[in-house]
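> coords please:
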Amino acid sequence: MAGVSKGTVSGATSLDGLLKDFYGPRIAEQLNNSNFALDRLEKRKDMKWSGRQVKFPIHTQRNSGVGFRSESGSLPGAGAQNYSQASITDVLFYGTIQLTGLAMDSVLSDRGGFRRALDSEMRGLVNDAKDHFGSKIFGFGQAGANVTDANSYNGLLGLCDDAAVAGDGSTETPWICQSMKNPLGYFESDYVPAQGQTRYFKAGQKVVWGTQAQLGGATAGGGYGTIDSVVDSTTINVLEGGGAAPAQNDWFVMGSENTAGNYEFENGLNGLGSLHTQYQERPNAAFQGISVTTGQDYTWQSYNLDNNGVFDESQIHQTIHNIEEVGAGKPSLLVSHYTLLKEYYEEVLGNVQFTSSPNFSGGYQTLKFSSDREYDWVVDKYCPYGMMYILSEDDLFWAVRRDFGWDDRGGAILKSLAVTGNDAVRAFYKSYLQLGYESLNAHGVISRITVSGMPT
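Prediction:
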């Protein structure tokens, strides 16, 4: 009798050396690939364009030549409407997979196996691209040429506030950054409660670090490497790739090396953080080429409410109504993290004030919030803690030069790297687009909402 153990069974000969491993057809997915805010906003992909940039007029001032006069008085002096030109340039988003010739030839005897492996890589990259894109929905816009403040927050993952970073960057003793803060670049004063400081970092990320001056400069600075692990809410371990070690006041961004053009700083979306006061109150701040107004002039400015306290449903009503009073649009969508929706749900559950129960269909979670009318409340895992974005979807659009897809120029997705001396093939997944705002005063943000049960 033949056995299958690695030794012998009652003197029987083992067949272990003759047996092959059998691999099941599925991969057990361990990653959360849900991006509910991105899914909702992607419905606004209604502008296809080509050329250098998108320009559209913004109505910024009324005709002042109106008014009551006496019977023999003079007519009001002539006035005129005033318009400014908003402009949008797209950002370039890429994803890459690469397979060596040996890896391909190793499964040629089972072409179905190769197809399954390739399909897995391609599907995985699409999910990863969407996940990263979904997190950047909540980031800040690009600084713009008119901003004199040297600080920019576009593309940031977090700040190292550790004055004595331990380790040497090796796999045995990686650098230990124990005091991370400012997730996505949001100031601590705008991001209460101060939890989840490392929530936008993931093991295996390629990152670049340096001061804002280094990241914004044209020459190399700082360093680059890989996130070895996310230890807790304030600590990450980092492996060396090159350049200097992480230091206090170094920002981290996604990127492959610390040379200009190879990381995300100032190369990302005009995210929803563009609606926040931190972004709009920079010296000489401009957005989409138009100077942001200040004070109570909401012509080109969002309405922001600093809650700085526990969840208060009345402040959502207040913000919506103030947006409608000073703005040019009608908000239709509320976006927050899960914890804020939970706080609201628990508050209204005892009073039975909601018009319909939460819908948990297919993992998509939304609640109808009633104020002067109903608003969809969408939750998203990447929304900054303690914040709510109140959006007028009719005043948002995607300027799309090229939507997400695989580069098939030349008639093939897989492209040989033989001309570069490499026995490998590579495929690119990419898009050229930008999130556009037809108005700023149609949207608003509530900040610093402290809620119970916050994840760390």
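
> Dihedrals phi and psi, the residue most central in space within the chain?
Taking CA atoms, centre = their mean, the centroid of the chain lies closest to Lys136, which sits 1.2 Å from it. For Lys136, the backbone dihedrals (degrees, to the nearest 10) come out as phi -80, psi -10.

> switch to numbering from 27
Sure thing, new numbering starts at 27, so read that last one as Lys162.

> Pretty sure it sits against Asn293.
No - the criterion here is CB atoms under 8 Å, and Lys162 misses it with Asn293 at 10.4 Å. All C-beta spots, glycine's among them, are computed from the backbone N, C-alpha and C.

> How is Thr325 assigned, secondary-structure-wise?
Taken by DSSP: H, G, I helix; E, B strand; the rest coil, the conformation at Thr325 corresponds to coil.

> What is the burial count for Val191?
A total of 18 residues lie near Val191 under the criterion other CB atoms under 10 Å.

> can you tell me which residues contact it?
Trp201, Ile202, Cys203, Gln204, Ala271, Pro272, Ala273, Gln274 (CB atoms under 8 Å, 6 or more residues apart in numbering).

> what does Glu290 give?
Contact analysis of Glu290 by CB under 8 Å, 6+ apart lists Asn180, Gly181, Val279, Met280, Gly281.

> If we only consider the residues you listed, which is nearest to Val234?
Gly281 (3.8 Å; CB to CB).

> filter the contacts of Glu290 to the buried ones?
Neighbour-count burial (16 or more other CB atoms under 10 Å) applied to the contacts of Glu290 gives Asn180, Gly181, Val279, Met280, Gly281.

> following the helix or strand of the chain with the lowest mean pLDDT, which helix or strand shows up next?
Each helix and strand of the chain was given a mean pLDDT (mean pLDDT, DSSP states H and E); the minimum falls on strand 73-74 at a mean of 68. Following the chain from strand 73-74 toward its C-terminal end, the next helix or strand by DSSP states H and E is strand 80-87.

> how long is stretch 235-254 end to end?
Its start and end residues considered, stretch 235-254 measures 15 Å (CA to CA, to the nearest Å).

> next SSE after the strand or helix carrying Gln240?
Element membership of Gln240, judged by DSSP H and E, is helix 238-242. With elements assigned by DSSP H and E, the helix or strand that comes after helix 238-242 is strand 249-256.

> So for stretch 253-261, what gets flagged as buried?
By 16+ other CB under 10 Å, the buried positions in stretch 253-261 come out as Ile253, Asp254, Ser255, Val256, Ser259, Thr260, Thr261.

> same question, stretch 145-159
Buried residues in stretch 145-159, counted by 16+ other CB under 10 Å: Met148, Gly150, Leu151, Val152, Asp154, Ala155, Lys156, Asp157, His158, Phe159.

> Kindly reformat these as CSV containing pLDDT.
Listed next are the buried residues of stretch 145-159 as CSV, based on pLDDT from 0 to 100:
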residue, pLDDT
Met148, 85
Gly150, 86
Leu151, 87
Val152, 87
Asp154, 88
Ala155, 88
Lys156, 88
Asp157, 89
His158, 91
Phe159, 90
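
> quick one on the thing from earlier: now intersect the contacts of Val191 with the strands, please.
Using DSSP state E, Trp201, Ile202, Cys203 are the members of the contacts of Val191 that sit in strands.

> Going by residue numbers, what spans are strands in the stretch 127-276 of the chain?
Read by DSSP state E, counting those that start in this stretch, the stretch 127-276 of the chain holds these strands, from start to end of the chain: 182-186, 201-203, 206-207, 232-236, 249-256, 262-269, 276-280.

> Please name every helix or strand in contact with the fourth one.
What it means is strand 232-236. Applying 3 or more CB pairs under 8 Å, 6 or more residues apart in numbering; DSSP states H and E, one finds that strand 232-236 makes contact with strand 249-256, strand 262-269, strand 276-280.

> averaged over its residues, what pLDDT does stretch 474-482 have?
Averaging pLDDT along stretch 474-482 yields 75.

> do stretch 80-88 as well
Mean pLDDT, taken over the full extent of stretch 80-88, equals 75.

> just how off-centre is that stretch within its chain?
Its chain's C-alpha centre and that of stretch 80-88 lie 27 Å apart, by CA atoms, centre = their mean, to the nearest Å.

> List the buried residues in it.
Buried residues in stretch 80-88, counting neighbours by 16+ other CB under 10 Å, are found at Val80, Ile84.

> can I get the CA coordinates of it in PDB?
As requested, C-alpha coordinates have been extracted for stretch 80-88 and formatted as PDB (Å, rounded to 0.1, in the frame of the first residue of the first chain):
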ATOM      1  CA  VAL A  80     -10.200  73.300 -19.200                       C
ATOM      2  CA  LYS A  81     -11.400  76.900 -18.800                       C
ATOM      3  CA  PHE A  82     -14.900  78.000 -17.700                       C
ATOM      4  CA  PRO A  83     -16.300  81.300 -16.400                       C
ATOM      5  CA  ILE A  84     -17.200  81.900 -12.800                       C
ATOM      6  CA  HIS A  85     -19.900  84.500 -12.100                       C
ATOM      7  CA  THR A  86     -18.300  86.600  -9.300                       C
ATOM      8  CA  GLN A  87     -20.200  89.900  -9.100                       C
ATOM      9  CA  ARG A  88     -23.700  91.300  -9.800                       C
END
